[in-house]
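Undergrad: What follows is a predicted structure for the sequence shown.
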Amino acid sequence: ASLKDLYGDYFLIGTCTPYALLRSEDYEGLISQQYNSLTSENEAKPENLLDINACIAEPEKYNESPAVKFDTIEPTLQYCQKNGVKYRLHALVWHSQTPTALFYENYDTSGNRVSPELMSKRLENYIKQILEWCEENYPGVVYAVDVVNEAASAGQNSEWYRTFGDYSFITKAFEYADKYAPEDMKLFYNDYGMASASKQQNVINLLREAKEAGWVDGIGMQSHLSATDNMDNHVNALKIYADLGYEMQLTELDITVPWSGTEEEKFAQQATAYENLFRNLVEAKKQGYNITSVTIWGVADNFSWKNSQLPILFNADLSKKPAFDALVALGEEAKLDATVSNLQAIVNDMEAMDTTMYTSDSVAALTDAVNAAKALLAEGANPTQAQLDQAIADIEAAQAGLVPNTPEEENPGENPDPGDTPNPDETPGPDENPNPDASPDPDKAPDQVEEPSKTGDNMPLAALTVFSVCAAVAAGVVFVKKRHLR
């Protein structure tokens with residue numbers, strides 16, 4: 001079973017990994033099977049993107065635009081591009097794992113701190129270089145960026161705050177990121193403890209200016225949780241952010257086992273917690289909340305930053321845990337629900353479709369496929385996933401097989417019986433010209449001479465057919481395509 005497939009109608013399923021695991025056949029096999037989004041746990045943090053040694057060696061050259069490097073993240077980006085996997089860039093602005101020299105004149109920590117004006121230039125050029133390089137070399141791969149990480153948590157205990165003297169660096173970071181990021185690269189604020197009411201209000205206040213300017217897209221809830229946490233409360237907090245217009249992602253999810261109990265009991269509680277959280281997320285998605293990604297923070301327990309508390313879905317030997325089985329069972333249920341909704345929408349579209357422009361035989365085949373689907377959707381039918389998938393495939397095949405009517409079939413009364421001849425005794429009507437060779441009205445100027453109607457009886461039949469099809473499309477005729485809840 002694959003989590004990325006089971007939850008694909010709802011949100012991306014990701015993990016974090018060092019590139020080294022992508023070079024391991026066993027780990028890479030698990031990652032590629034289960035996940036469609038990757039985050040580098042450390043390789044894209046400021047200390048690895050900034051080439052601080054180059055800055056220190058040539059401070060005048062890099063005074064306003066810090067040197068950057070991409071050797072730590074490029075292998076993972078290459079992997080993602082090759083395998084069609086999305087990448088979360090984590091993180092650009094953070095109080096931790098950022099070289100202190102960045103905030104000093106001549107990159108010399110024994111000297112003076114730079115002015116807010118110079119720091120703004122360094123910040124802009126740093127963000128510019130990272131985002132432009134990613135898009136130029138790996139277009140479309142980076143779908144989300146943690147532009148600012150944990151600023152609310154750090155408070156004033158941050159080199160960023162000390163250098164600017166306030167929290168304006170948050171707004172500036174999003175302004176610059178928005179300036180250089182492509183449209184499909186979403187810009188996030190990321191933090192932990194985001195379900196706390198006081199933390200939530202603080203984050204909302206810190207982001208207000210950037211949000212009102214349209215520079216920040218989403219909020220990442222790190223979600224380092226315990227099996228004893230209330231998952232309803234966590235998702236309710238998510239809904240509060242989403243109601244303010246933020247796209248929502250769970251960016252660093254792990255759920256630690258309880259401290260007491262047997263291993264079996266601990267893993268059972270952990271499985272229940274994961275299931276409750278994902279059930280709430282799926283229901284919120286169905287309700288229209290903009291949840292786009294859930295990232296598990298580690299491939300297996302031994303690679304978790306909380307490895308002693310066994311918070312991941314897989315054991316150190318990569319065997320699955322009860323939590324994984326619980327998510328699979330829920331995912332199968334969720335996928336079935338999504339497919340039922342998808343099929344119902346397709347049936348509705350087909351029943352509203354104008355089929356008069358197609359041959360009766362091809363329409364009959366589509367009608368049969370739609371009726372078979374309706375039987376599966378009937379109350380008490382309890383269709384399987386395979387049956388629903390086949391019904392969608394059958395409708396798509398029948399729709400693709402629709403055959404347009406020939407002109408004669410579309411207008412069976414258009415051509416007169418070849419045996420009919422005009423009655424010479426009939427007098428032409430007042431709108432008919434008795435003399436086909438007659439000249440145009442001499443009293444009309446050349447530009448007033450009437451031309452045949454572009455949509456009337458004088459239109460060639462083939463052109464009228466094309467016109468009818470175009471008019472049908474313009475009127476809203478809907479053709480089958482799969483719908484996604486994402």
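TA: In hand now; what should we look at? Numbers count the residues shown, from 1 in each chain.
Undergrad: Could you use CA atoms for every contact and neighbour count after this?
TA: Noted.
Undergrad: Backbone dihedrals for Asn348, please?
TA: Dihedral pair for Asn348: phi -60, psi -40, per degrees, to the nearest 10.
Undergrad: do you know how far it is from Ile395?
TA: 12 Å (Cα to Cα, to the nearest Å).
Undergrad: what about those two, which has more around it?
TA: Ile395 (26 against 14; other Cα atoms under 10 Å).
Undergrad: what's the helix or strand in which that one is found in contact with?
TA: Ile395 is located in helix 385-400, with elements delineated by DSSP states H and E. Under the contact criterion Cα atoms under 8 Å, 6 or more residues apart in numbering, helix 385-400 has outside partners 336, 339-340, 343, 346, 362, 365-366, 369-370, 372-373, 376, 479-481.
Undergrad: can you tell me which two in these are farthest apart?
TA: Greatest spacing in those, by Cα to Cα: Leu336 and Ser362 (29.4 Å).
Undergrad: Is the residue nearest to Trp94 when sequence neighbours are not counted bridged to anything, and to what?
TA: With Cα to Cα, 6 or more residues apart in numbering as the criterion, Trp94 has its nearest non-adjacent residue at 5.1 Å, and that residue is Asn149. For Asn149, the beta-bridge partners are Trp94, Asn190 (DSSP bridges).
Undergrad: Wait, Asn149 touches Val93, no?
TA: Yes: with contact defined as Cα atoms under 8 Å, Asn149 reaches Val93; the gap is 6.1 Å.
Undergrad: Counting neighbours, go ahead and name the busier of those two.
TA: Val93 (25 against 22).
Undergrad: How about the contacts made by the nearest residue to the more buried one once chain neighbours are set aside?
TA: With sequence-adjacent residues excluded and distances taken as Cα to Cα, 6+ apart, Val93 is closest to Val148, at 4.7 Å. Going by Cα under 8 Å, 6+ apart, Val148 touches 91-94, 170, 173-174, 188-190.
Undergrad: Need the three-state assignment for Glu183.
TA: On the three-state scheme (DSSP: H, G, I helix; E, B strand; the rest coil), Glu183 is labelled coil.
Undergrad: Over to the one 5 residues further on?
TA: Assigned state for Phe188: strand (three-state reduction, three-state DSSP).
Undergrad: any idea how far Leu6 is from it?
TA: From Phe188 across to Leu6, the span is 26 Å (Cα to Cα).
Undergrad: looking at the chain, which helix or strand does the model trust least?
TA: Every helix and strand of the chain was ranked by mean pLDDT, DSSP states H and E. The lowest is helix 461-474, at a mean of 37.
Undergrad: I figured Asp51 hits Phe70, correct?
TA: No: counting by Cα under 8 Å, Asp51 does not reach Phe70; the two are 9.2 Å apart.
Undergrad: The helix holding Ile395: how far from the chain's middle?
TA: In terms of Cα atoms, centre = their mean, to the nearest Å, the centre of helix 385-400 is found 25 Å from the chain centre.
Undergrad: How about that helix, which residues are buried there?
TA: For helix 385-400, a neighbour-count test (16 or more other Cα atoms under 10 Å) marks 385, 388, 391-392, 394-396, 398-399 as buried.
Undergrad: same check, this time on stretch 312-327
TA: By neighbour count on 16+ other Cα under 10 Å, the buried set for stretch 312-327 is 312-316, 321-324, 326-327.
Undergrad: Quick check: mean pLDDT of it?
TA: What stretch 312-327 shows for mean pLDDT is 98.
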